[in-house]
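>>> Predicted coordinates and the sequence they were generated for:
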Amino acid sequence: MSQPFVTILDDEPQIRAMLSDALTEAGFRTASFARATEFEAALAHATPDVCLVDLGLPDRDGLALVHRLALESGAAIIIISGRAQVQDRVTGLELGADDYIIKPFDPTEVVARIRARLRVSRPKGNDHQTARFNGWTAHFDRYILEDDTGEETAFSHAEGEVLRMFLEAPKRLISRQQMQENLGGAAGESFDRAMDVRISRLRTKLREDPKNPRLIKTIYGAGYIFLGNVSWG
């Protein structure tokens with residue numbers, strides 16, 4: 001297996017150097033960028049496994065960039081920011097980030113968080129990249145949902161993690177605690193709200209009636225259950 005590739009986008013050279021050194025020592029390949037324009041240009045030629053993104057960028061709104069990455073890239077997205085307010089963390093997760101690390105930080109914590117994200121992205125026991133259910137096909141290698149007419153709808157890496165979790169455990173109750181354990185991240189209001197947003201977006205992409213969804217059911221006070229018939233291959 002090739003070394004995972006991590007991109008670092010931060011306008012502070014000391015931060016870039018510290019993260020690059022720690023990640024290289026931990027066995028990752030890295031590329032560092034000071035500006036969003038350079039980073040976006042590089043994405044046209046390489047696909048990272050994980051993107052570390054600072055929100056305070058000189059040439060682009062960091063949250064807008066995170067949102068675009070979540071919709072268009074297959075990478076896990078980890079925000080690294082000096083913004084410590086709960087609302088900033090909630091907004092970052094709602095826009096599609098997978099994790100949020102507050103500056104100042106220990107680089108070993110960043111390495112551990114990246115490894116945790118990659119473990120989630122490559123679940124044990126099921127390396128299939130295609131699942132079929134109720135007239136839909138989920139292509140996890142391309143982050144695409146395809147309906148029975150061939151029409152395609154993109155989903156984000158974060159939405160894909162939630163969808164895969166449901167598809168690997170159909171017709172079984174998944175509690176909030178199980179979701180937190182499976183997907184990583186700190187339990188609490190920001191995690192719960194991020195999950196609600198991701199599930200809402202998945203329901204929209206699956207053309208569910210929000211008042212009476214057929215596939216992803218909310219069991220109030222207990223969690224969620226996926227009612228589809230799933231086949232992998």
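The structure has been received and is ready for your questions.
>>> Show me what the helix or strand of the chain with the lowest mean pLDDT packs onto, helices and strands only.
Here the helix or strand of the chain ranked lowest by mean pLDDT, DSSP states H and E is helix 189-205, holding a mean of 81. Judged by 3 or more C-beta pairs under 8 Å, 6 or more residues apart in numbering; DSSP states H and E, helix 189-205 is in contact with helix 86-94, helix 157-167, helix 176-183, strand 216-219. All C-beta atoms are positioned from the backbone trio N, CA, C, and that covers glycine.
>>> Mind putting those into CSV with mean pLDDT?
Shown next, in CSV, are the helices and strands packed on helix 189-205 (pLDDT from 0 to 100):
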stretch, mean pLDDT
helix 86-94, 83
helix 157-167, 87
helix 176-183, 83
strand 216-219, 93
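>>> So which of these is the most surrounded?
For the helices and strands packed on helix 189-205, the largest average neighbour count (mean count of other C-beta atoms under 10 Å) is found in helix 157-167, namely a mean of 22.
>>> I would like the residues contacting that one, please.
70, 73-77, 96-98, 120-121, 123, 131, 133, 138, 140, 143, 155, 174, 179, 182-183, 194-195, 198-199, 201-202, 205, 216, 224, 226, 228, 230, 232 (C-beta atoms under 8 Å, 6 or more residues apart in numbering).
>>> and that helix with helix 176-183, angle?
Helix 157-167 and helix 176-183 are oriented at 120 degrees to each other (axes from the mean of the first three to the mean of the last three C-alpha atoms, to 10 degrees).
>>> Just the CA atoms of helix 157-167, as PDB, please.
Only the C-alpha atoms of helix 157-167 are listed here, as PDB (Å, rounded to 0.1, in the frame of the first residue of the first chain):
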ATOM      1  CA  HIS A 157     -16.500  12.300   1.900                       C
ATOM      2  CA  ALA A 158     -18.300  13.100   5.200                       C
ATOM      3  CA  GLU A 159     -21.700  12.100   3.800                       C
ATOM      4  CA  GLY A 160     -20.100   8.900   2.300                       C
ATOM      5  CA  GLU A 161     -18.900   7.900   5.700                       C
ATOM      6  CA  VAL A 162     -22.400   8.100   7.100                       C
ATOM      7  CA  LEU A 163     -23.900   6.300   4.100                       C
ATOM      8  CA  ARG A 164     -21.400   3.500   4.200                       C
ATOM      9  CA  MET A 165     -22.100   3.000   8.000                       C
ATOM     10  CA  PHE A 166     -25.800   2.600   7.200                       C
ATOM     11  CA  LEU A 167     -25.300   0.300   4.200                       C
END
